[in-house]
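In: This is the structure alone, sequence omitted:
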C-alpha cells in the first residue's frame, strides 16, 4: 500500500513541479523540426480540384478581402491539444515505424486491432473463431509477447485472466485517431492515440452495422473544445455476435470511453481519461491436442483503466524540452474471483527534441509484476542520409529478478531511391514478468535489408535472424495450444507496393523462413497481398463529396508448426488461402461499407478444435458530422 501511495504522490509532485516550471519558459528560437521518416500507410496526395478554377483578379475591388472567413476555417477556432505521448519523436529509420493515421483507420476495414496489425509484414493473427472472440498477434516466434501496448503513453499491460498477452479483440479502433507501430526485429510496440477535437466545434459520430451470425456493432462518439482550452470526448462502442457457424456461442464486447482535457497553451496542459471494457462470452467445447475435449470458459470480464496526464514544454512548436507525468490505475474483475486484480501505475518522462536528434528518459512504477522500469530512447540524423535509433529498457521484477532489453537501428541512404538498413535487439529478459517462477532468457536478434523507392513502386527485402526463445502462450489458449519450440530461425521478408496509377495500388509482403524447423505460427510461404482501387476524389464532384474504395486481400500460408506436444512430436498448423473483400462509398461525411471475410469459404483452423467462420459478411454506415 505504501508503494502505491508513493507512486501516486511522486507523480503528483512531478506534475506540480512541472506546472511551476511553465511560468518562465525559454523563448530561444531554434530551427524548424525535421519530420521523422515514417512509413506511413496513407493514401497518395489528392489530385487538384479542376472543377473550380481560380477567377481572374478583380481590379475594381480593394485588395483587402472583406468576405468574412468561415468560422470553421478561422484560425481563432483552433485550440492547443496535448501533444502525442508514447511513440519516439524521431528521426527514425524508414522501416522503423508504420503509421496508421485517421484516414488509414477510416478506410482500413479492420474490425479489431489484430486485423489492423495484419498489414505489418510477418504478423500472423490467431483468432478463436469469428470476430469478438479472443485473438492474439504472433510475430517472429514471440507468442503472446509479440506486442507491447501504450494508450496515450499509459502502459496497457496484460492483467487478470491472462497476464502474458493482451486480447487484441478488446481494443476499440473506433475511439482512436492514430496508431503507430514501432517495428523491432522481434517485437511490435504499438502506440494508440485517442481521438480529440482541435477546433471549437462539436463533432459527433454515429455508426452501426450488421452481418452474418447476428454480428451487430454500434458506436456513438461526441467531441468538443471550448475557447478556454477545455476539451471533452465521450464514446460508447458495442460488438455482439452469435458466431453460430463456428459453434463458439454468443459473445459481446462493450467499451466506454471518456476524456477531459485543459490545454490553454501549447506549453502546458492536463488530461484525464477513463476506458472501460466489458466482455461476456459463452463457453464452448473444443478438442485439444491429443483428442481430449476441453471447454473454453466464459470469462465475463471487466477492465477499467483510469489515468491523469500533465505536461509542460519550453516551446510552442514541440521542439526543446518537455516534461510529462502520468498516474493511473487498472482494475480487472472476472466471473472467477481468483482472477480479480488491480494495479497502480505512475510515470515521468523527460524529453528533448532538436532539429536532427531527440532523446527521452522514462521512469515508470507499477505496484505489481514490474515494480520499477527505466527506459532511455535516443534518435539522431547526424549526417545527410544517415539515421540512427537506440533504446535501453531496464526492469526490476517481482521475485528479485531483473530484465534488460537493448535495441538499435541504422539506415544509410546514399541516394534518394536506395537505402540500406539494419537493426539488432539483445535481451536478458523474462518472457512473463507476472509469473514469479519464469526465468531470464538471453537472446540476440538481428535484421538487415535493402530498400528501393520510387514514384511507381517500393521494394524492401530484409534478412532476419531471431534467436531461440521460449515465449509465453496466450492465456485462454494455454491448455489447447502446445508448448512453443525454442528455436533460432532465419527468414527473408519482401515488402512491396506498386502504384501504376493514382487510383490503384497493389501492396503486400512475403515471408519465407530459411530453416526446416520454425517457431510456432511462423509458417513457410506466408504472404499477404492487397489490391486497392480508390477514386481519390475524382474531379467530377466537389472535393470530399464522393469517394469510392474497393479492395481485395488474400493471405496464404503453407503447412507450419503450432508447437510440440508432451511427447515432443510436432503439432502441425494446416495451410490455407483466405480471401477478403471490401467496398466503401463515402458521401461527404457519411460512409457506407460492406466487408466479406473468407470469401471462398475456406475450411481452416488456427487454434486446434476451433473452426473459422466460412464465410462472414458485414455491412453498415458511419456518419460523422459537425453540430
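Out: Sure, I can see it. Only a predicted model underlies this, so the values are computations on that prediction, with no experimental measurement involved.
In: For the rest of this, base every contact and every neighbour count on C-alpha atoms.
Out: Fine.
In: Parallel or antiparallel, which strands does the helix or strand hosting residue 495 pair with?
Out: Here residue 495 sits within strand 489-501, counting by DSSP states H and E. As defined by DSSP bridges, the strand partners of strand 489-501 come to strand 457-466 (antiparallel), strand 504-513 (antiparallel).
In: winner for burial among the ones you listed?
Out: Mean neighbour count, computed with mean count of other Cα atoms under 10 Å, is highest for strand 504-513 among those, reaching a mean of 20.
In: one step back: would you mark the buried spots in the strand holding residue 495?
Out: Residues 489, 490, 491, 492, 493, 494, 495, 496, 497, 498, 499 are the ones in strand 489-501 that count as buried (16 or more other Cα atoms under 10 Å).
In: ok, and what's touching that strand?
Out: Contact with strand 489-501 is made by 121-122, 455-468, 505-515, 517-519, as judged by Cα atoms under 8 Å, 6 or more residues apart in numbering.
In: can you do 7 Å?
Out: Residues from elsewhere that reach strand 489-501 (Cα atoms under 7 Å, 6 or more residues apart in numbering): 121, 456-467, 505-515, 518.
In: just stretch 266-276 next, same as before
Out: Contact with stretch 266-276 is made by 22, 80-82, 255-263, 303-316, as judged by Cα under 7 Å, 6+ apart.
In: Can you say which of the strands paired with strand 489-501 is nearest to residue 141?
Out: strand 457-466 (8.1 Å; Cα to Cα).
In: so for that closest one, what's the average pLDDT?
Out: Per-residue pLDDT values over strand 457-466 give a mean of 95.
In: quick one on the thing from earlier: just give me the closest of the buried residues of strand 489-501 to residue 210.
Out: Scanning the buried residues of strand 489-501 for proximity to residue 210, where the rule is Cα to Cα, the winner is residue 497, at 32.5 Å.
In: circling back to that earlier point, quick one, which of the contacts of stretch 266-276 are buried?
Out: Neighbour counting by 16+ other Cα under 10 Å classes 22, 80-82, 255-263, 303-315 among the contacts of stretch 266-276 as buried.
In: sorry, back to before: quick one: which of the buried residues of strand 489-501 is nearest to residue 372?
Out: When the buried residues of strand 489-501 are ranked by distance to residue 372 (Cα to Cα), residue 489 comes first, at 32.2 Å.
In: Look up the pLDDT of that closest one for me, please.
Out: Note on residue 489: pLDDT of 91.
In: Report the separation between it and residue 335.
Out: For residue 489, the distance to residue 335 equals 40 Å [Cα to Cα, to the nearest Å].
In: got it, and residue 140?
Out: For residue 140, the distance to residue 335 - Cα to Cα - is 34 Å.
In: So the two - more neighbours on which side?
Out: A count of neighbours by other Cα atoms under 10 Å puts residue 140 above the other of residue 140 and residue 335, at 26 against 14.
In: Excluding residues flanking it in the chain, which one is nearest that one?
Out: Nearest non-adjacent residue to residue 140, counting by Cα to Cα, 6 or more residues apart in numbering: residue 186, 5.5 Å away.
In: Relative to residue 460, how far out is the one you found?
Out: Counting by Cα to Cα, the gap from residue 186 to residue 460 is 18 Å.
In: Same question for residue 184.
Out: 15 Å.
In: With residue 234 instead?
Out: Distance from residue 234 to residue 460, by Cα to Cα: 41 Å.
In: Residue 573 too?
Out: Distance from residue 573 to residue 460, counting by Cα to Cα: 28 Å.
In: quick one: pLDDT of residue 541?
Out: Looking at residue 541, its pLDDT reads 58.
In: Number the residues from 836 up from this point.
Out: With 836 as the first residue, the last one maps to residue 1376.
In: Next up, phi/psi of residue 979, please.
Out: Here is the backbone geometry of residue 979 (degrees, to the nearest 10): phi -70, psi -20.
In: number of nearby residues for the nearest residue to it once chain neighbours are set aside?
Out: Nearest non-adjacent residue to residue 979, counting by Cα to Cα, 6+ apart: residue 1000, 4.6 Å away. By other Cα under 10 Å, the residues close to residue 1000 number 24.
In: Residue 1047 too?
Out: Using other Cα under 10 Å: residue 1047 sits among 18 other residues.
In: Could you double-check that it lies in contact with residue 1451?
Out: Yes: between residue 1047 and residue 1451 there is a contact under Cα atoms under 7 Å: 5.6 Å.
In: what's the nearest residue to residue 1362 if we skip its chain neighbours?
Out: residue 1345 (4.2 Å).
In: what separates that neighbour from residue 955, distance-wise?
Out: Distance of residue 1345 to residue 955, computed by Cα to Cα: 11 Å.
In: same deal with residue 1254?
Out: With distances taken as Cα to Cα, residue 1254 is found 19 Å from residue 955.
In: So which of the two has more stuff around it?
Out: Neighbours were counted for residue 1254 and for residue 955 using other Cα under 10 Å; residue 1254 has more, 20 against 17.
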